[in-house]
Every structure is written in C-alpha cells, then in structure tokens.
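Novice: My questions are about this predicted structure, shown below with the sequence.
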Amino acid sequence: MNAALLPTRGVLFRWAHVLPVTDATPRVTLGEGDTPLVRAERLAARCGLDELWFKLESCNPTGSFKDRGMVVAVAKALEAGARAVLCASTGNTSASAAAYAARCGLACYVLVPEGKVAAGKLAQAVAFGARIVEVRGNFDEALAAARAVTERHGIALVNSVNPHRIEGQKTAAFEICETLGDAPDILAIPVGNAGNITAYWRGFVECRERGYASRCPRMFGFQAAGAAPIVLGRPVENPTTIATAIRIGNPASWQGAIRARDESGGLIEAVTDDQILAAYRLLAREEGIFVEPASAACVAGLLALGEAGRLRGGRAVAVLTGNGLKDPDTPRAVYQADVVRAPATLEGVERALGLRG
Ligand code: F0G
C-alpha cells in the first residue's frame, strides 16, 4: 500500500512501543486517541488556576475514552483466538466494545443496568449489533455476573479488570506530556470503576521513567456524592447520581485509585449532582464544550476546590471523558429551552428575534 495511505492515527500505531503488543497482534483501529487538548478560556480563573486544559476524550470514535483501552483489549482477544467479547457497563464501555467487535467480526454481549443507561449509549450498542442484556440490578452486580459468565465460557471479558484496557487508556497521559512538554501540576478526572485514574497514573509514572516528563501530576479524582465509595471508605450498596456513567458503588480498581491518590499527593473527593450540573452548564455556555454529566464531575471538583481557596495557581488538565450527545435527555430535563415558533418569512423571523421595531 502507498505509505501515505497507512494509518498514522490509532493507539496501536502511535503507541505500540509502550503497549503489550507483538508482531502477532492485529493492528485494529477506528482512529482512536490523539484527542484535542484545548485551553479553557474562562474557567481557569474561577478555579484559582493559572492554566486549565481540557483533554477532549469525547472526540474518540464512539465518543468516550473507552476506545483507547478497548482497541487494545479487542486486538489482544483476537490474537488469543477469541470469538466473542462481553462486558458489564454503565453505557460507554458497551458502546465501545460493540463498535470494535463489529469492526473485527466478533460477537459482543453487554450487560447494562436496566433503565439507567443514557439513550445515546444504548443506541450505539443497538446500531453496532450487540446482544444487550438489561439486568435487574446495578453496575456492580452486572460486573459480578460478567466475571462469572466469562470465567465459565470462552468469552473475553473487556471490562477494565482486563489489564489490556488499562494499558490502552494510559496512552492519554503520554499524549498530554507530549503536547505540554511535561506533566501538568494537576490531573483532574471523574472516578467510577476507577480504571481510568489507575491508567493515567500508570501512564504518567511511565512518562517520567522514559524521560517524557520530569515529574508526575497530583491526581485529583472526583466521585458523585451519591456514589462515592472511595471517599466514604466503604462500598455503597445503592449508588445514585444523575451522572449515570459513574453510578458505581464498589469500584473494581479501588486500590489503583488509592495508589494514584497517595503516591501523587493527590485527593479523591465527592461532588453533588447540583455541582455536577453547574459545571456541565458552565462547560457548555462559557467554553462551548458539551459533555455528559459524569465528565463534568471533575470540573465541578476543581470549581469547588477553587471556591474554597484550596488551589493556588498552577496548570491543571481536566479529562472530559464522554460526549454530551450520548445523553440527550439531561439538557431537556434541566434547562428551559430558548425556543420560539415563527413563520418562515423575513417578517416572522424578525419578530421572533425581536429585530422588528
Ligand atoms: N466518565 C465516563 C463518561 C464514563 O463512562 C466512565 C465509566 C467514567 C467517567 C469513569 O471511569 O470507571 O474508569 O473510573 N464508565 C464505565 C462504563 C463504567 O461502563 O462505561 P472509570
């Protein structure tokens, strides 16, 4: 093939040298990774920061950070001869698994908590042809069932308990160090099952070891107040939050999150649904960035720390994990839409916009 036509994007192309891939690993890609790092225009000062940057993981092929790890997990499953993949999910993992499975001709089974998955995410799993099992239970119960089923049958489990997921997701830390020329002072991230904070921490530590960064950031994780087991120090049996992506009461990578926090001198704190929605609104209305509620949790956390006078300058990166389009119902539920009806005429539109005297 013409060299110019070979993929230059994709986690398995750009980052093979830091991933557990071999010559036998299929180089799967949907163009994941290389997501934009954009500077906040207005929110930095409100947070008490000199610089705030957003890592737009919403720009991945299925609209969330999951694609970075899923491409590695699915490629390794193919390499091992798997015919099917399975995951439990609050929605984004299932969308990503379904996409990469479709791409690679694998069957895909997803276990989701009934009635608690945002509409766009389910639409993705349907479009990609996954078999969807709506379980009567929450994510934690679905994950336990997923582990039991995959242990018994020859199906690859592609939740973040699969180490290849963490490996793929760590590449976002490499990209941040590459773009900024070093690690930031603070990395702010929403925490659900805690795979992503674990992956970023591994990525930053490896960047320092390889000389891509001179230091590591402090890791600031944020859970929703109704689903904050790590903050409380005990599992939450019935987690609740508007941020359904992080509605998790017993995270699988709990210890990884604790290590990231403690080794980095960071913190893991809770934000309320009201704080999440306030940050969700500010991101959209002051920065032009539409995320799903879970992603806004880390910005809500930085705003709360800033308001409490706990941030004294420095450079922070906030990981915006999922696209707002995944959850079209939340804006309609929380905002009064600014809509007027008018005839399709010059006069009608002038009147509707108040441009006619
Ligand atoms: N943000 C979004 C948009 C997510 O979908 C998730 C997790 C997180 C943050 C938290 O990441 O679990 O690694 O701590 N979603 C999983 C799923 C649980 O099934 O899609 P985490």
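Specialist: Yep, that arrived.
Novice: In three-state terms, label the closest residue to Ala40 other than its chain neighbours for me.
Specialist: Nearest non-adjacent residue to Ala40, counting by Cβ to Cβ, 6 or more residues apart in numbering: Leu52, 4.0 Å away. The C-beta positions use only the backbone N, C-alpha and C, and glycine is treated the same way. Recorded secondary structure, Leu52: strand (DSSP: H, G, I helix; E, B strand; the rest coil).
Novice: ok, the helix or strand bottoming out on mean pLDDT in the chain near the ligand or not?
Specialist: Least confident helix or strand of the chain, by mean pLDDT, DSSP states H and E, is helix 329-334 with a mean of 91. No. Using Cβ under 6 Å from any ligand atom, we find that helix 329-334 stays clear of the ligand, coming within 12.4 Å at best.
Novice: Output the contacting helices and strands for that helix.
Specialist: Packing partners of helix 329-334 (3 or more Cβ pairs under 8 Å, 6 or more residues apart in numbering; DSSP states H and E): helix 273-287.
Novice: Contacts for the helix it packs on, please.
Specialist: Residues outside helix 273-287 that contact it (Cβ atoms under 8 Å, 6 or more residues apart in numbering) are 40-43, 46, 54, 224-226, 241-243, 271, 289-291, 293-294, 296-297, 299-301, 303-304, 320, 324, 330, 334-335.
Novice: which parts of the next helix or strand along the chain from it are buried?
Specialist: On the C-terminal side of helix 273-287, the nearest following helix or strand under DSSP states H and E is helix 293-307. For helix 293-307, a neighbour-count test (16 or more other Cβ atoms under 10 Å) marks 293-306 as buried.
Novice: The ligand: which of those is nearest?
Specialist: Ranked by distance to the ligand (Cβ to the nearest ligand atom), the buried residues of helix 293-307 are led by Ala294 at 3.9 Å.
Novice: Which residues are in contact with that closest one?
Specialist: 190, 192, 224, 243-246, 276, 321-322.
Novice: what's the closest non-adjacent residue to it?
Specialist: Here the residue nearest Ala294, using Cβ to Cβ, 6+ apart, is Ala245, at 3.6 Å.
Novice: what helix or strand is Met219 on?
Specialist: strand 218-224.
Novice: near the ligand at all, that strand?
Specialist: No. Strand 218-224 does not reach the ligand (Cβ under 6 Å from any ligand atom); its nearest approach is 8.0 Å.
Novice: Tell me the helices and strands packed up against that strand.
Specialist: On a contact count with 3+ Cβ pairs under 8 Å, 6+ apart, strand 218-224 meets strand 186-190, helix 195-210, helix 229-232, helix 254-264, strand 267-271, helix 293-307.
Novice: returning to what we had before: count the neighbours of the residue nearest to Ala40 for me.
Specialist: Leu52: 28 surrounding residues under other Cβ atoms under 10 Å.
Novice: So what's the residue count around the closest residue to Arg210 other than its chain neighbours?
Specialist: Of all residues not flanking Arg210 in the chain, Val18 sits nearest, at 7.7 Å (Cβ to Cβ, 6+ apart). Using other Cβ under 10 Å, Val18 is surrounded by 17 other residues.
Novice: In contact with Val18, which residues are there?
Specialist: Neighbours of Val18 in contact, by Cβ under 8 Å, 6+ apart: 170-171, 174, 206, 210.
Novice: any chance you could map the strands in the stretch 101-250 of the chain?
Specialist: 107-113, 131-135, 156-157, 186-190, 218-224 (DSSP state E, counting those that start in this stretch).
Novice: Could you identify which of the ones you listed is most buried?
Specialist: Highest mean neighbour count among these (mean count of other Cβ atoms under 10 Å): strand 186-190, with a mean of 29.
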